[in-house]
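S.K.: need coordinates for the following:
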Amino acid sequence: MPSMKAHTEYLTFNTRKQYEMVHITNEVERIVRNSGIDDGLCFVSPMHITAAIYVNDNESGLIEDISTWLEKLAPALPGYKHHQTGEDNGDAHLKALLLHHESTLPVTRGHLDLGTWQRIFYAEFDGQRKKRVIVKVLGLSKE
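M.R.: The predicted structure is shown next:
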């Protein structure tokens, strides 16, 4: 008889650049497979307020377009009120708000159930230091 189960793992990133889009589908899929959950949901969330998780196509032109769009909407400028606190990452907070803070994805037959072109990305807007992403898989296990 199937039983309800939860499985949690963390991914750690230390990006080389301040601003970087990291393709993480394979890592998340590995966690889902290792969870033993056959049918359920996979929740992916950065544990930082200057990062985001989003699902889209893994195509370099589109990734560049997303970056350009974000920079137009939240440019890296010195005049943010947040900078008066001694920080210099006001644009990073705003960029993170424009993308999804987290994503919840379906798990079917023990695997991520993504569309043909759907891929998972960690978007870092204030990088070059250690950051974590939580991956929590919840659902029914065959065990």
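S.K.: find the nearest non-adjacent residue to His101, please.
M.R.: Leaving aside its sequence neighbours, His101 sits nearest to Ala52 (CB to CB, 6 or more residues apart in numbering; 5.9 Å). Yep, even glycine has a C-beta here, placed from its N, CA and C like the rest.
S.K.: distance of the one you found from Ile24?
M.R.: According to CB to CB, to the nearest Å, Ala52 stands 12 Å off from Ile24.
S.K.: any common contacting residues for those two?
M.R.: Common neighbours of Ala52 and Ile24, using CB atoms under 8 Å, 6 or more residues apart in numbering, are Tyr122.
S.K.: which of these two has more neighbours?
M.R.: Ala52 (25 against 19; other CB atoms under 10 Å).
S.K.: who touches the strand or helix carrying that one?
M.R.: Per DSSP states H and E: Ala52 is located in strand 51-56. With CB under 8 Å, 6+ apart as the test, strand 51-56 has contacts from 44-46, 62, 66, 95-96, 98-103, 105, 114, 118-126, 131, 133.
S.K.: adjacent strands (with direction) for that strand?
M.R.: strand 119-124 (antiparallel) (DSSP bridges).
S.K.: immediately after the partner strand, which helix or strand?
M.R.: strand 131-141.
S.K.: tell me the buried residues in that next one?
M.R.: Buried residues in strand 131-141, counting neighbours by 16 or more other CB atoms under 10 Å, are found at Lys131, Val133, Val135, Lys136, Val137, Leu138, Gly139, Ser141.
S.K.: excluding chain neighbours, what is closest to the last one?
M.R.: Looking back up the chat, that one is Ser141. Lys5 (4.1 Å).
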